[in-house]
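the following comprises the amino acid sequence and a computationally predicted model.
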Amino acid sequence: MMEIQMHYPENDQLFLKNPGSSELGHKIINKSIYHIKELGLEGFTFKKLASEIGSNEASIYRYFENKHNLLVYLISIYWEILDFKIIFNVQNISSPKTKLKKMIEVLTDIENSSPKIKNLDVNALHSIVVEESAKAYLTKKVEVELQKGFFESYEKLINTIAGLFIEASKKYEFPRALAINLLETTFEQFYFSQHLGSWTELKGKNLSSKDVKRFLESLIFSVLNLKDKD
């Protein structure tokens with residue numbers, strides 16, 4: 001599989017100092033991914049992160065104002081990776097329906113979709129998105145953060161997916177709304193399967209991405225009135 005090094009988002013509203021500009025910044029990103037995955041956002045602190053990277057809290061605060069901004073930044077990295085991989089994998093496909101299938105395949109199994117990201121733990125990032133991503137925007141200050149561009153990476157991803165829906169069904173009225181629904185449903189199903197299995201037929205700690213893919217294909221193809229054949 002082709003390997004690439006992913007560049008970090010450069011929205012300076014999210015950070016005080018670009019973490020991509022220094023070795024310490026890279027450590028902060030990679031170690032915070034591990035710690036938030038293991039501890040959850042509530043249990044994660046800059047003090048614990050500083051201890052892990054052999055630094056102090058003040059050095060981390062020079063990069064990020066608070067752990068909420070750090071969370072949004074990490075999730076933005078994931079959205080950037082997902083958007084890049086979707087575009088990469090559908091670019092040489094002519095059939096709109098086949099593009100949708102490939103897009104859903106990437107969405108449900110991002111780690112094993114080409115190209116491989118060699119400088120980040122994409123599987124751990126996926127876990128953070130499943131467990132923590134709603135906390136990035138379900139806040140009282142979401143509209144202020146929206147104006148600052150906190151969610152630019154997510155909006156770009158929504159537009160990419162909506163574009164595939166429009167290509168497959170030009171008369172469908174709600175491509176962006178459907179794109180949001182697809183993204184949120186995907187990660188909710190992974191979350192419910194792990195923690196609230198009685199709520200869904202898709203259940204189990206080792207839920208197969210193929211099972212989620214089949215469900216999402218049936219959902220999207222039904223909404224867009226497409227027959228599942230190519």
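Arrived safely. Numbering: from 1, shown residues only.

got the CA positions of stretch 15-31 in PDB?
Extracted C-alpha coordinates of stretch 15-31, given in PDB (Å, rounded to 0.1, in the frame of the first residue of the first chain):
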ATOM      1  CA  PHE A  15      -3.800  26.700  18.000                       C
ATOM      2  CA  LEU A  16      -1.600  29.300  19.500                       C
ATOM      3  CA  LYS A  17       1.500  27.800  17.900                       C
ATOM      4  CA  ASN A  18       1.400  25.400  14.900                       C
ATOM      5  CA  PRO A  19       2.200  22.000  16.300                       C
ATOM      6  CA  GLY A  20       3.500  21.000  12.900                       C
ATOM      7  CA  SER A  21       6.300  23.500  13.200                       C
ATOM      8  CA  SER A  22       8.400  21.700  15.900                       C
ATOM      9  CA  GLU A  23       9.400  18.300  17.300                       C
ATOM     10  CA  LEU A  24       7.600  19.100  20.500                       C
ATOM     11  CA  GLY A  25       4.400  19.900  18.600                       C
ATOM     12  CA  HIS A  26       4.500  16.500  16.900                       C
ATOM     13  CA  LYS A  27       4.900  14.900  20.300                       C
ATOM     14  CA  ILE A  28       2.000  16.700  21.700                       C
ATOM     15  CA  ILE A  29      -0.200  15.600  18.800                       C
ATOM     16  CA  ASN A  30       0.800  11.900  18.800                       C
ATOM     17  CA  LYS A  31       0.800  11.500  22.600                       C
END
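
I'd like the mean pLDDT over it, please.
Averaging pLDDT along stretch 15-31 yields 95.

other residues contacting it?
7-8, 10, 12, 49, 52-53, 55, 59-65, 69-70, 73-74, 77, 119-121 (Cβ atoms under 8 Å, 6 or more residues apart in numbering). Any C-beta I mention is one placed from the backbone N, CA and C, and that applies to glycine too.

shaky segments in the protein?
203-207, 228-230 (pLDDT under 70).

which of the contacts of stretch 15-31 are buried?
8, 49, 53, 55, 59-60, 63-64, 69-70, 73-74, 77, 120 (16 or more other Cβ atoms under 10 Å).

could these go into a markdown table alongside secondary structure?
As requested, the buried ones among the contacts of stretch 15-31 are exported to a markdown table (DSSP: H, G, I helix; E, B strand; the rest coil):
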| residue | secondary structure |
| --- | --- |
| 8 | coil |
| 49 | helix |
| 53 | helix |
| 55 | coil |
| 59 | helix |
| 60 | helix |
| 63 | coil |
| 64 | coil |
| 69 | helix |
| 70 | helix |
| 73 | helix |
| 74 | helix |
| 77 | helix |
| 120 | coil |
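
mind listing the strands for the chain?
3-4, 116-117 (DSSP state E).

hey, which of these is tucked in deepest?
Among the strands of the chain, strand 116-117 has the highest mean neighbour count (mean count of other Cβ atoms under 10 Å), at a mean of 16.

which among the strands of the chain is found nearest to residue 210?
Minimum separation from residue 210 across those (Cβ to Cβ) falls at strand 116-117, 19.8 Å.

tell me what the closest one is packed against?
Packing partners of strand 116-117 (3 or more Cβ pairs under 8 Å, 6 or more residues apart in numbering; DSSP states H and E): strand 3-4.

endpoints of stretch 140-149, how far apart?
Across stretch 140-149, the terminal residues are separated by 16 Å (Cα to Cα, to the nearest Å).

which residues touch it?
So stretch 140-149 is contacted by 11, 13, 72, 137, 139, 151 (Cβ under 8 Å, 6+ apart).
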